[in-house]
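>>> fold the following and give me the result.
(one chain, ligands or ions: 1)
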Amino acid sequence: MRIVILAGSIRKNRKSIQVCRYLEKQLSGRGVEIDLVDPLDDPLPIFDDFADENPVVHKAVQKMENRLGIADAMVFVTPEYNGSFSGVLKNTLDYFWNEFSGKPIGVAAVSAGKMGGINASVQLQHVVLSLGAYPLPVKLLVRRVDHVFDDNLNPVDEEFVRNADKFIDQFLWFANAVSTAKKPKKYENVS
Ligand SMILES: Cc1cc2nc3c(=O)[nH]c(=O)nc-3n(C[C@H](O)[C@H](O)[C@H](O)COP(=O)(O)O)c2cc1C
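Numbers count the residues shown, from 1 in each chain. Predicted coordinates for the structure are as follows:
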């Protein structure tokens with residue numbers, strides 16, 4: 001199984017990338033192929049048309065389309081900004097649809113405060129439905145992200161480790177179940 005982790009922050013000194021890297025390491029340790037897609041590496045322009053309907057597709061959009069398209073399942077990792085998920089993530093999502101549709105998607109939300117990005121996570125799960133994809137009911141909420149990792153990216157917060165473990169267990173079960181189940185033809189491309 002091939003899993004994309006999609007990063008939702010390109011901010012200087014961003015913290016949620018630490019969660020992406022932790023999930024990448026843990027999921028790799030479970031024997032799945034991981035592609036950490038970081039919009040900071042290949043920034044997408046502000047959305048102005050679908051990737052497949054734009055005659056002059058930006059190179060970064062094309063590259064992203066390919067990476068997302070071959071994934072069996074995904075984890076979206078978003079910071080909470082002003083009570084919602086990030087604009088960078090929404091910009092990325094709006095370019096694509098087929099690349100998400102029908103896929104199992106887990107949501108992880110990150111905040112500096114004690115609520116762990118709950119608002120961002122709920123709103124993002126809703127968007128996952130609009131993408132024609134299947135949101136994992138359990139989400140990973142990462143509270144007080146500044147205190148979760150040490151300088152070597154080792155987690156020092158036991159609650160985070162427990163929650164991340166539970167999230168990964170359920171995500172892998174769900175991702176495997178949804179991506180291997182054969183869909184009746186009549187359900188193809190139904191949103
Ligand atoms: C523009 C902005 C808005 C924010 N709004 C919220 C918020 O509504 N709720 C919250 O808990 N934290 C909020 N924060 C704190 C972020 O969740 C925290 O800085 C987190 O580290 C952001 O992830 P990042 O470092 O990966 O960008 C906000 C931070 C920024 C930069």
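>>> so what sits opposite the most centrally placed residue in the chain in the bridge?
When the chain is reduced to its mean C-alpha position, the nearest residue by Cα atoms, centre = their mean turns out to be residue 76, at 1.2 Å. As for beta bridges, residue 76 partners with residue 6, residue 107 under DSSP bridges.
>>> likewise residue 155?
According to DSSP bridges, beta-bridge pairing links residue 155 with residue 149.
>>> what sits against it?
Applying Cβ atoms under 8 Å, 6 or more residues apart in numbering, one finds that residue 155 lies in contact with 22, 148, 149, 161, 164. Just so you know, the C-beta spots here come from the backbone N, C-alpha and C atoms, and that holds for glycine as well.
>>> just the buried ones from these?
22, 148, 149, 164 (16 or more other Cβ atoms under 10 Å).
>>> output the below-cut-off pLDDT ranges for this structure.
Confidence mapping of the chain against pLDDT under 70 gives the ranges 55, 184-191.
>>> flag every residue of it that's near the ligand.
If contacts are counted using Cβ under 6 Å from any ligand atom, the residues of the chain sitting beside the ligand are 9, 11, 14-16, 79-83, 110-113, 115, 145.
>>> got a ChimeraX select line for the buried ones in these?
To isolate the buried ones among the residues of the chain next to the ligand in ChimeraX, judged by 16+ other Cβ under 10 Å, type:
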select :9,14,15,16,79,80,81,110,111,112,115,145
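>>> how about residue 178, secondary structure?
helix (DSSP: H, G, I helix; E, B strand; the rest coil).
>>> what sits closest to it if chain neighbours are left out?
The shortest distance from residue 178 to any residue other than its chain neighbours is 4.0 Å, reached at residue 104 (Cβ to Cβ, 6 or more residues apart in numbering).
>>> now the helices for this protein?
Per DSSP state H, the chain carries helices over the ranges 16-29, 59-69, 87-95, 118-130, 158-180.
>>> compare these and give me the one nearest residue 41.
With Cβ to Cβ as the criterion, residue 41 lies closest to helix 59-69 of these, at 8.8 Å.
>>> got the angle for the closest one vs helix 87-95?
Here helix 59-69 runs at an angle of 80 degrees relative to helix 87-95 (axes from the mean of the first three to the mean of the last three Cα atoms, to 10 degrees).
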